[in-house]
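Colleague: Below is the sequence, then the predicted model.
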Amino acid sequence: MIKRSLLLLIVFVATACTVTAIPGPASTGDEHETAVPQALPTPSPLPVLGPAPDWNNDVWLNTDRPLRLADVQGKVVLLEFWTFG
């Protein structure tokens, strides 16, 4: 059992030592130079479409009165739209 474990360990070490490295970026010739990571491109900003239109719906669920955009200004709002019919 010990001989078998030792043999497996030797095979594992020998295999690990012979594995070739994954090629990296092309070298500039100076092996001591550290690679500078490339900057990621900045995404283009979203277009400004102006202020949001006010809500003009008169039927709201779970509220005591119709909501207006000014009522929820500065708050995080989740709207769930339903269609009836």
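Modeller: Noted; the coordinates are in hand. Numbers count the residues shown, from 1 in each chain.

Colleague: Now the phi/psi pair for residue 78, please.
Modeller: The phi and psi values for residue 78, taken as degrees, to the nearest 10, are phi -110, psi 120.

Colleague: For it, the count of nearby residues, please.
Modeller: 4 (other C-beta atoms under 10 Å). Quick note: C-beta positions are derived from backbone N, CA and C, even for glycine.

Colleague: With residue 72 as the reference, measure out to it.
Modeller: Noted for residue 78: a distance of 11 Å to residue 72, by C-beta to C-beta, to the nearest Å.

Colleague: same question, residue 46
Modeller: Residue 46 is 21 Å from residue 72, where distance means C-beta to C-beta.

Colleague: These two: which is more packed in?
Modeller: Between residue 46 and residue 72, counted using other C-beta under 10 Å, residue 72 has the larger neighbour count: 12 against 6.

Colleague: List the backbone torsions phi and psi for that one.
Modeller: Phi and psi for residue 72, reported as degrees, to the nearest 10, are phi -110, psi 10.

Colleague: In contact with it, which residues?
Modeller: The contact partners of residue 72, by C-beta atoms under 8 Å, 6 or more residues apart in numbering, come to none.

Colleague: mind checking pLDDT for it?
Modeller: With respect to pLDDT, residue 72 scores 87.

Colleague: what's the answer for residue 75, then?
Modeller: The pLDDT attached to residue 75 in the predicted structure is 91.

Colleague: Going forward, the N-terminal residue is numbered 53.
Modeller: Understood, numbering begins at 53; the last thing we discussed is residue 127.

Colleague: how about low-confidence regions in this protein?
Modeller: Applying pLDDT under 70 to the chain flags the ranges 64, 68-88, 137.

Colleague: any idea how far residue 111 is from residue 125?
Modeller: Distance, residue 111 to residue 125, by C-beta to C-beta: 22 Å.

Colleague: typed the wrong thing, it's residue 136
Modeller: Distance from residue 136 to residue 125, counting by C-beta to C-beta: 28 Å.

Colleague: ok, those two, which is more surrounded?
Modeller: Remark: of residue 136 and residue 125, residue 125 carries more neighbours, 8 against 4, as counted by other C-beta under 10 Å.
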